[in-house]
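> Below is the sequence, then the predicted model.
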Amino acid sequence: MALALGAISLMLAACGIRMGGLPLGGGVFARATPEAAPETTSAVPAAAPQPVRLTIATAKPVDAYIMLGGRIKSCWFNADHPLLPNHVYRADVSPDGEKVKITIHQKIALGRAGLETYAIDFAEQGPYTVVTTENRGMPPELAAKMQYDIDRWKRGETNCSNDMPKVTASAQTPR
């Protein structure tokens, strides 16, 4: 029994636990204080975060999807000022990551996806990933803004923009 109590005392001492106000373990922790030691940082200066830039042309479809999909979610579907508050984002990624498609749908009851209004397809063609878009019912002004953002992000820009481009014939709703 005494051996077991001695072993427990040593384990408690190793953890810095005190009994009766004195450290266990024969004064091993005599310099310890009741409060935690302040955390220190290394002398290596922290680097400023750099924007991640990825050229779509050299990315695999799933990599291009991760980059563009993240920007789409953070810019078009953010909680504060979403571009598409009445729409739902859906993604379909094949198990091998070679085929990827994002679709934007009208939001229906309980936030579910309704009518598909916009599609973004990521397809590998040789060493490249081609990103194509199709307006399937989005208002022309909104489709033009979405295409404008996608084109900026494909060029490597990383920010959300409030700029609204002029509507072009290619952004028109299909008839």
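Yes, it's here.
> give me the low-pLDDT residue ranges for this structure?
Low-confidence segments of the chain, defined by pLDDT under 70: 1-57, 166-175.
> 80 - rerun?
Per-residue confidence for the chain (pLDDT under 80) gives these ranges: 1-59, 162-175.
> what are the ranges of the helices in it?
In the chain, the helices defined using DSSP state H lie at 2-14, 61-76, 140-154.
> nearest to residue 100, of these?
Of all these, it is helix 61-76 that lies closest to residue 100, at 4.2 Å by Cβ to Cβ. C-beta coordinates here come from the backbone N, C-alpha and C atoms, glycine included.
> May I have the closest one as CSV, with CA atoms only?
Extracted in CSV, the C-alpha atoms of helix 61-76 (Å, rounded to 0.1, in the frame of the first residue of the first chain):
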residue,chain,number,x,y,z
PRO,A,61,-11.1,20.6,-62.3
VAL,A,62,-11.5,19.9,-58.6
ASP,A,63,-8.8,22.4,-57.7
ALA,A,64,-10.4,25.1,-59.8
TYR,A,65,-13.8,24.3,-58.2
ILE,A,66,-12.3,24.6,-54.7
MET,A,67,-10.9,28.1,-55.6
LEU,A,68,-13.9,29.4,-57.5
GLY,A,69,-16.5,27.6,-55.3
GLY,A,70,-15.0,29.2,-52.2
ARG,A,71,-15.1,32.7,-53.7
ILE,A,72,-18.7,32.1,-54.9
LYS,A,73,-19.9,31.1,-51.5
SER,A,74,-18.1,33.9,-49.6
CYS,A,75,-19.0,36.6,-52.1
TRP,A,76,-22.5,35.6,-53.5
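> and that helix, what other elements does it pack with?
With contacts taken as 3 or more Cβ pairs under 8 Å, 6 or more residues apart in numbering; DSSP states H and E, helix 61-76 sits against strand 87-93, strand 99-108, strand 112-125, strand 128-135, helix 140-154.
> which parts of the shortest one are buried?
Residues of strand 87-93 classed as buried: 87-88, 93 (neighbour count, 16 or more other Cβ atoms under 10 Å).
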